[in-house]
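1. Below are the sequence and a predicted model for it; my questions follow.
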Amino acid sequence: MVGQNAVADFDPQRLRAAREAAGLNQRELAERIGVPASAVTKWEGGFRSPYASNLGALAAGLGIAPTDLTSVSGGGTRTLSQLRIDAGLTQRAAATRAGLVRSRYSAIERGEIATIAEEVVEAIASALDVSPAEVRTAHSASRSLHLERR
């Protein structure tokens, strides 16, 4: 089940594999990141998906990148959503950091907006702690996915 703020492309199998590779049981991982053990159980079982902030904590606790726990990790061009997840931010937090209204940020992230002003690119880059070039490339990837879905 994925709630409004949950990471939609979270991969429970990758979490389990990473936890086991780190030599941790579910309780130990939960203690390490400050959540109940039942949360880790639900995430690994595919019953719930973590929020971006929890995904960031999971990744940090396991010594991996947040997108290593998603089905879209690895090579290829990253989308704006993936950059945000890597930063461990919700859309609301990213929008606030960038000085944007969340609905506008969300539309940009989904690729619904074809072009974005340079000052917006720079604000998003600063919010996500990446370069403006990375934001432009990620926006292009997001835009392409949006157009494919139409």
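-> Cool, got the structure. Everything numeric here is computed off the predicted structure, so don't read it as measured data.
2. the helices in this structure, which residues?
-> In the chain, the segments counted as helices under DSSP state H are 12-21, 26-33, 37-45, 52-62, 80-86, 91-98, 102-110, 118-128, 132-149.
3. closest to A6 out of the ones you listed?
-> Across the helices of the chain, A6 has its closest neighbour in helix 52-62 (8.4 Å, Cβ to Cβ). C-beta here means a position set from N, CA and C on the backbone, and glycine is covered the same way.
4. Please list the residues outside the closest one that contact it.
-> When contacts are defined by Cβ atoms under 8 Å, 6 or more residues apart in numbering, helix 52-62 is touched by residues 5, 7, 10, 15, 18-19, 21-22, 24, 29, 32-35, 39, 43, 50, 65-66, 68-70, 84-85, 87-90, 93.
5. Pick the most deeply packed of the helices of the chain.
-> Among the helices of the chain, ranked by average contacts under mean count of other Cβ atoms under 10 Å, first place goes to helix 80-86 (a mean of 25).
6. Quick one: residues contacting the residue nearest to T41 when sequence neighbours are not counted.
-> Once flanking residues are discounted, T41 sits nearest to Q26: 5.7 Å by Cβ to Cβ, 6 or more residues apart in numbering. When contacts are counted by Cβ under 8 Å, 6+ apart, Q26 touches 19, 37, 40-41, 44.
7. remind me which residues of the protein are low pLDDT?
-> Low-confidence segments of the chain (pLDDT under 70): 1-5, 72-76.
8. so what are the domain limits for this structure?
-> Taking automatic domain parsing as the reference, the chain has its domains at 12-69, 80-149.
9. do you know how far L147 is from P66?
-> In this view, L147 and P66 are 26 Å apart by Cβ to Cβ, to the nearest Å.
10. nope, W43 is what I was after
-> 13 Å.
11. Could you give the separation of stretch 11-30 from the chain centroid?
-> 18 Å (Cα atoms, centre = their mean, to the nearest Å).
12. CA atoms only: put it into PDB for me.
-> Extracted in PDB, the C-alpha atoms of stretch 11-30 (Å, rounded to 0.1, in the frame of the first residue of the first chain):
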ATOM      1  CA  ASP A  11      11.200  -2.100  -3.600                       C
ATOM      2  CA  PRO A  12      10.700  -4.300  -0.500                       C
ATOM      3  CA  GLN A  13      13.000  -7.000  -1.800                       C
ATOM      4  CA  ARG A  14      15.900  -4.600  -2.200                       C
ATOM      5  CA  LEU A  15      15.400  -3.500   1.400                       C
ATOM      6  CA  ARG A  16      15.500  -7.000   2.600                       C
ATOM      7  CA  ALA A  17      18.600  -7.800   0.600                       C
ATOM      8  CA  ALA A  18      20.400  -4.700   1.800                       C
ATOM      9  CA  ARG A  19      19.500  -5.400   5.400                       C
ATOM     10  CA  GLU A  20      20.700  -8.900   5.200                       C
ATOM     11  CA  ALA A  21      23.900  -7.800   3.400                       C
ATOM     12  CA  ALA A  22      24.500  -5.400   6.300                       C
ATOM     13  CA  GLY A  23      24.100  -8.300   8.700                       C
ATOM     14  CA  LEU A  24      21.200  -6.800  10.500                       C
ATOM     15  CA  ASN A  25      17.900  -8.200  11.600                       C
ATOM     16  CA  GLN A  26      14.700  -6.100  11.300                       C
ATOM     17  CA  ARG A  27      14.700  -5.100  14.900                       C
ATOM     18  CA  GLU A  28      18.400  -3.900  14.700                       C
ATOM     19  CA  LEU A  29      17.700  -1.900  11.600                       C
ATOM     20  CA  ALA A  30      14.600  -0.300  13.200                       C
END
